[in-house]
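Enquirer: Just need the structure, nothing else, for what follows:
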Amino acid sequence: MDYIAVHIKLDPFSEEWAEIIEAEIAELGFDSFTIEEPLLNAFIPREQFSEPMLKTVLSGFEADLKLSHTVELVKEQNWNAAWESDFEPVVVDGEVTIKAIYHKDLPRTRYNIVIDPQMSFGSGHHQTTTLMVKQLLEDRKLLRGKAVLDMGCGTGILAIVAAKLGAAVPVHAVDIDPRCARSTKANARRNRIPHKLIVVCGDASVLIRGQYDWILANINRNILIADMASYVRALKPQGGRILLSGFYESDIPMLLEAAAPLGLHEVGRKSLDNWALLILEK
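Expert: As a prediction, the model looks like this:
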């Protein structure tokens, strides 16, 4: 897949403004970002890109910032090669290492996850992935033997971590993108646990009522709100826990407002660099 890279120059520059703009243009389909003063670099699949829509969103910041942008086509082969060349291992709490297939001679942690990194699918570097993995480690005793769904699985990192932490077999992994489904299956094989995962390509409509004890959903705010009722129906009748991430701390009130009528209540939250994780129970 070809991508469009948009390089947005902020004047004056601040990381706070860059993150605010990032959150706004994510609604247009941009799925990966880097911040390198004075630029916010945003990436979107070529077929989803609309420059007029981008200009409309950016014009809303004219009262506070002077913004300019350039657009670059990134061919698929170059995109993957550039991303992989910069990919560094991720270590979470000294217990989980997420590394690429070509990383060698790394110190071993208790849990080692090997993936073929794909920037658009999820490499483990994002703060929300770190938050989710931290929470799974913290709750590993509660997780053991539980039926788990990784919704919007990307490269399958959370499903693989859950399986290695002792969740009931098989852990289910669902993603609307067929490339993500293929990536998760391949990464399950790389981690020698293909028998511990079932991977399905689809959206929340494929979920079966009353099937899961835990649902992990690291997506974005709007999808989480739109699909929350489906998640609740997919939880088992007694209890059930949903771990949500993929949004900012400022989004928490909106998510709680959507959760309350569905019988969900908050039992915990965490944050990292303004990104948030929310724990809800049925």
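
Enquirer: Follow the chain on from the lowest-mean-pLDDT helix or strand in the chain and name the next helix or strand.
Expert: Least confident element among the helices and strands of the chain, by mean pLDDT, DSSP states H and E: helix 76-86 (a mean of 55). Next helix or strand after helix 76-86 toward the C-terminus (DSSP states H and E): strand 90-92.

Enquirer: Paired strands for the next helix-or-strand element following that next one, with orientation please.
Expert: Where DSSP H and E defines the elements, the next helix or strand beyond strand 90-92 is strand 96-100. The sheet places strand 96-100 alongside strand 90-92 (antiparallel), strand 111-115 (parallel), with pairing taken from DSSP bridges.

Enquirer: Dump strand 96-100 to PDB, restricted to CA.
Expert: Taking C-alpha atoms only, strand 96-100 is exported to PDB below (Å, rounded to 0.1, in the frame of the first residue of the first chain):
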ATOM      1  CA  VAL A  96       8.000  -7.900  28.100                       C
ATOM      2  CA  THR A  97      10.200  -7.300  25.100                       C
ATOM      3  CA  ILE A  98       8.600  -6.600  21.700                       C
ATOM      4  CA  LYS A  99      11.200  -7.000  19.000                       C
ATOM      5  CA  ALA A 100      11.500  -7.400  15.300                       C
END
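
Enquirer: so where's the stretch 1-150 of the chain uncertain?
Expert: For the stretch 1-150 of the chain, the stretches flagged by pLDDT under 70 are 76-87, 101-107, 117-125.

Enquirer: the strands in it, which residues?
Expert: With DSSP state E, counting those that start in this stretch as the criterion, the stretch 1-150 of the chain has strands at 3-11, 32-36, 39-45, 66-74, 90-92, 96-100, 111-115, 148-151.

Enquirer: Okay, and the beta partners of the residue nearest the centre of the chain?
Expert: Note on the chain: the residue nearest the mean C-alpha position is N218, at 4.3 Å, using Cα atoms, centre = their mean. Legend: beta-bridge partners of N218 under DSSP bridges are S245.

Enquirer: I figured it hits T155, correct?
Expert: No. N218 is not in contact with T155 according to Cβ atoms under 8 Å; the separation is 11.3 Å. Where you see a C-beta, it was placed from the backbone N, CA and C, and this is true even at glycine.

Enquirer: Pick the most buried one from the strands of the stretch 1-150 of the chain.
Expert: Stretch with highest mean neighbour count among the strands of the stretch 1-150 of the chain: strand 148-151 (a mean of 28; mean count of other Cβ atoms under 10 Å).

Enquirer: packing partners for the helix or strand just after it?
Expert: Counting by DSSP H and E, the element after strand 148-151 in chain order, helix or strand, is helix 157-164. Packing contacts for helix 157-164, counted by 3 or more Cβ pairs under 8 Å, 6 or more residues apart in numbering; DSSP states H and E, involve strand 111-115, helix 127-138, strand 148-151, strand 171-175, helix 178-190, strand 197-201, strand 214-218.

Enquirer: Looking at those, spot the one closest to E249.
Expert: Nearest to E249 among the helices and strands packed on helix 157-164 is helix 127-138 (11.1 Å), distances taken as Cβ to Cβ.

Enquirer: Could you check how far that closest one is from the centre of its chain?
Expert: Chain-centre distance of helix 127-138: 11 Å, with Cα atoms, centre = their mean, to the nearest Å.

Enquirer: Same check on stretch 229-246?
Expert: 17 Å.

Enquirer: quick one, what contacts the residue lying farthest from the centre of the chain?
Expert: Distance from the C-alpha centroid of the chain, by Cα atoms, centre = their mean, peaks at A63 (31.8 Å). By Cβ atoms under 8 Å, 6 or more residues apart in numbering, the contact list for A63 is empty.

Enquirer: if I look at it, how far off is L40?
Expert: Computed as Cβ to Cβ, to the nearest Å, the A63 to L40 distance reads 18 Å.

Enquirer: Dump whichever strand or helix holds L224 to PDB, keeping only the CA atoms.
Expert: For L224, the element it lies in under DSSP H and E is helix 221-234. Extracted in PDB, the C-alpha atoms of helix 221-234 (Å, rounded to 0.1, in the frame of the first residue of the first chain):
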ATOM      1  CA  ARG A 221     -12.300   7.100  20.600                       C
ATOM      2  CA  ASN A 222     -15.000   7.300  18.000                       C
ATOM      3  CA  ILE A 223     -14.900   3.600  17.100                       C
ATOM      4  CA  LEU A 224     -14.800   2.600  20.800                       C
ATOM      5  CA  ILE A 225     -17.900   4.700  21.500                       C
ATOM      6  CA  ALA A 226     -19.700   3.400  18.400                       C
ATOM      7  CA  ASP A 227     -19.000  -0.300  19.100                       C
ATOM      8  CA  MET A 228     -19.200  -0.300  22.900                       C
ATOM      9  CA  ALA A 229     -22.700  -1.800  22.900                       C
ATOM     10  CA  SER A 230     -21.400  -4.700  20.800                       C
ATOM     11  CA  TYR A 231     -18.500  -5.200  23.300                       C
ATOM     12  CA  VAL A 232     -21.000  -5.400  26.200                       C
ATOM     13  CA  ARG A 233     -23.100  -7.900  24.400                       C
ATOM     14  CA  ALA A 234     -20.000 -10.000  23.800                       C
END
